[in-house]
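In: Dropping the sequence and predicted coords here.
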Amino acid sequence: MLAMTTGSSDDTLPSPTQPSPTPIPDAQRQHLADRYEVAVLLGRGGMGEVWLARDKRIGREVAVKRLRADTANDVLMTRFFREAHVQGILDHPSVVPIHDLGIDTDGRPFIVMKRVTGTTLGQVFAGDPARRPSRAQLLGRLVDVCFAIELAHARGVIHRDLKPGNIMLGDYGETYVLDWGLARLVSTLRASAIDIGDLGVREGETALGELLGTPGYMSPEQARADAIGPPTDVYALGCILFEILVGKPALPHGAAGIAATLAAARHRPSEHATDVPPELDEVCAAATRFDPAARPSARALAERIQAYLEGDRDLARRRELADEHARRARDATPATEAGRATAMQEAGQALILDPMNRTAQTVVIEMLEAPEVMPAEALEAAEADRAMLRQLAARWGARGYTALLAFVAILLLLPLYRTDVVLVTFAFSLGAWGALLWVARRPTPRRATSHVAVFVLTGAMIACSGLLFGPLLITPAFVVAATAGYLWVPHGHRAWLVALAFVLPFLLLVALEALGVTPRTVDFVDGQLVLSSSVIPLGARTTFLVVGIAMTIQVSLTAVIAIAGRRQAERVQNHVHAQRWHLRKMLPQ
């Protein structure tokens, strides 16, 4: 409240309505003690000091501001009285009223004002966010400030140093604009040039010297030392609105804020926070435009904030913004991943602002169809689903191979022609079982070496089954089941290579037997097909048992994998159609 400046460009400004205040004649000088009982020093600034006092005539507490004895001179006395004059002509609930004015017998001017208590908005911003008033409460206080500034502008007064530290939130709902020490009359205002590199301004401090204002809240024209007017105060109000909406200043404080002020075209809160209402976002951007002529008045700023608080969402502006988003959505290139993403994002923004926007609705409907080229993120999500399915299939496959291992082990209990073939079959089965367990635990990467090992080992098992029982007894069923199961699971390898890995061993066995390289197991006797084995003596009972167990294992394993896959496919289909349903529900029925 006590921040003062010592500029020289506007020390004797006339008022457009009344002459400049001059020191009070000696006849009107008075003792403070005649009426006021001065008690406690409340604060001290560069030029003045404020005391808590009691008005003995009325019996109320007041604040007495007077010039410090070590700074009193004619120029500063004129400044001091001019501040009282400016503050006195602004009869508004958000401007602290002046009760008395004079010069005491010590020659020190004093102003008697209403004593206000509360917390500055700057202290609110610096305090605990959890104890901060709600956004709506702060916006309501800012509306009061805007109307007070509008009154000042109507009286030809510019504050020039609006900032959170100069806004007092009273303990009983009052809002006050403090420190009119830099306020001047519009008709004669012009800032002076200054080298910003020579400033030594601390954060949040009013600049002393020829640059008048607080970096971080001063307007570009103030920083450029150009002529200033009411839009200068509106710019500061916009910066305060930005801080209410975002929770942090629009510009850095201190000398660094001057360069940032000159570099920014405007300040849009939505670029720094996600929960900014579009109406207030536009209001803030308009108030902080670089061009002073493009800024609204303080009254317009207050009315637009008040309209938001009262629930008037400025439908015309919302529809205008929705049209802009819908146009960008329509112009995006849906054939590319980035273009499709942009189209959906912009269409979504348009529908939030205006659910009846037909252009955005059309874009969403078009986007419901899957693209010809899948986006990378969608492919990544799909691959995660396929990896889960591979893991599930490998887990059930390993269980099936456990049964197969037990079946081969049982064969060792039978009288065999060749035990070595059964042992080799058991070894390949064990290897395939281990490879499937590896896949079940590590479903990625897509083209894992373990998948190739499963294919090779399974092909070897097919060959061993042909040696055990002959190529035509159970091997064809084994080939069909293995090929169907592995082709159904998304493993990332070419389908014809997988099929070839299983069919080739079968064809090789048939060819070797036809050429007489391996023992003959297929004969035609009296027009009947006779199958035999060169490894296991097959009687009627043994054949039925072996074939029954082998077929049961193959059918069960294939059925389990197919059922698991079907459930996974249904889950994915349900998920896709649920997403399409949600997207359609975004549109008005």
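Out: Sure thing, it's come through. Numbering: from 1, shown residues only.
In: Tell me where the stretch 1-150 of the chain is predicted with low confidence.
Out: 1-31, 46, 72 (pLDDT under 70).
In: redo that, cut-off 50
Out: 1-25, 27-28 (pLDDT under 50).
In: can you pull out the helices in it?
Out: Per DSSP state H, counting those that start in this stretch, the stretch 1-150 of the chain carries helices over the ranges 32-35, 74-89, 121-126, 135-154.
In: what's downstream of the longest one, the next helix or strand?
Out: Think helix 135-154. Note on helix 135-154: by DSSP states H and E, the next helix or strand toward the C-terminus is strand 157-158.
In: Which other helices and strands does that next one contact?
Out: Where contact means 3 or more C-beta pairs under 8 Å, 6 or more residues apart in numbering; DSSP states H and E, strand 157-158 is packed against strand 184-185, helix 230-246. For every residue, glycine as well, the C-beta is placed using N, CA and C.
In: Go ahead and list the helix or strand containing P252.
Out: Assigned by DSSP H and E, P252 belongs to no helix or strand.
In: just the strands in the stretch 151-300 of the chain please.
Out: For the stretch 151-300 of the chain, the strands defined by DSSP state E, counting those that start in this stretch occupy 157-158, 167-170, 175-177, 184-185.
In: Quick check: which of those is nearest to T558?
Out: Comparing the strands of the stretch 151-300 of the chain against T558 with C-beta to C-beta, the closest turns out to be strand 167-170 (75.2 Å).
In: chain center to that closest one, what's the gap?
Out: Relative to its chain's centre, strand 167-170 lies at 32 Å (C-alpha atoms, centre = their mean, to the nearest Å).
In: May I have that strand as CSV, with CA atoms only?
Out: The C-alpha trace of strand 167-170 is given here as CSV (Å, rounded to 0.1, in the frame of the first residue of the first chain):
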residue,chain,number,x,y,z
ILE,A,167,-6.1,-5.8,-4.1
MET,A,168,-7.4,-6.3,-0.6
LEU,A,169,-9.9,-9.0,0.2
GLY,A,170,-11.7,-7.7,3.3
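In: residue ranges of the helices in the stretch 301-450 of the chain, please?
Out: Chain-ordered helices for the stretch 301-450 of the chain, with DSSP H, counting those that start in this stretch as the definition, fall at 315-331, 337-353, 358-367, 376-411, 419-441, 449-469.
In: any idea which of those helices is most buried?
Out: Of those, the one with the most neighbours on average (mean count of other C-beta atoms under 10 Å) is helix 449-469, at a mean of 22.
In: orientation of that one relative to helix 419-441 in degrees?
Out: Helix 449-469 and helix 419-441 meet at an angle of 150 degrees, taking axes from the mean of the first three to the mean of the last three C-alpha atoms, to 10 degrees as the criterion.
In: picking that back up, export the helices of the stretch 301-450 of the chain as a markdown table, with columns for mean pLDDT.
Out: Formatted as a markdown table, these follow (pLDDT from 0 to 100):
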| stretch | mean pLDDT |
| --- | --- |
| helix 315-331 | 83 |
| helix 337-353 | 81 |
| helix 358-367 | 79 |
| helix 376-411 | 75 |
| helix 419-441 | 80 |
| helix 449-469 | 75 |
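In: Could you dump those into JSON lines and include distance to L531?
Out: Formatted as JSON lines, the helices of the stretch 301-450 of the chain follow (distance: least, C-beta to C-beta, whole Å):
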{"stretch": "helix 315-331", "distance to L531": "68"}
{"stretch": "helix 337-353", "distance to L531": "57"}
{"stretch": "helix 358-367", "distance to L531": "60"}
{"stretch": "helix 376-411", "distance to L531": "17"}
{"stretch": "helix 419-441", "distance to L531": "17"}
{"stretch": "helix 449-469", "distance to L531": "8"}
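In: Out of those, flag the one nearest T558.
Out: Nearest to T558, of the helices of the stretch 301-450 of the chain and by C-beta to C-beta, is helix 376-411 at 8.6 Å.
In: Figure out how far the closest one is from the centre of its chain.
Out: That offset, for helix 376-411, works out to 39 Å (C-alpha atoms, centre = their mean).
In: just so I know, which of the strands of the stretch 151-300 of the chain lies nearest A302?
Out: strand 175-177 (11.9 Å).
In: That closest one - what's its average pLDDT?
Out: The pLDDT scores in strand 175-177 average 96.
In: swap in stretch 574-583?
Out: In the prediction, stretch 574-583 has an average pLDDT of 75.
In: Using CSV, list the CA coordinates for it.
Out: The C-alpha trace of stretch 574-583 is given here as CSV (Å, rounded to 0.1, in the frame of the first residue of the first chain):
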residue,chain,number,x,y,z
ASN,A,574,-17.4,-56.5,-27.5
HIS,A,575,-14.7,-53.9,-26.6
VAL,A,576,-14.7,-52.5,-30.2
HIS,A,577,-18.5,-52.3,-30.4
ALA,A,578,-18.7,-50.7,-26.9
GLN,A,579,-16.3,-48.0,-28.0
ARG,A,580,-18.3,-47.4,-31.2
TRP,A,581,-21.4,-47.2,-29.0
HIS,A,582,-19.8,-44.6,-26.7
LEU,A,583,-18.7,-42.5,-29.7
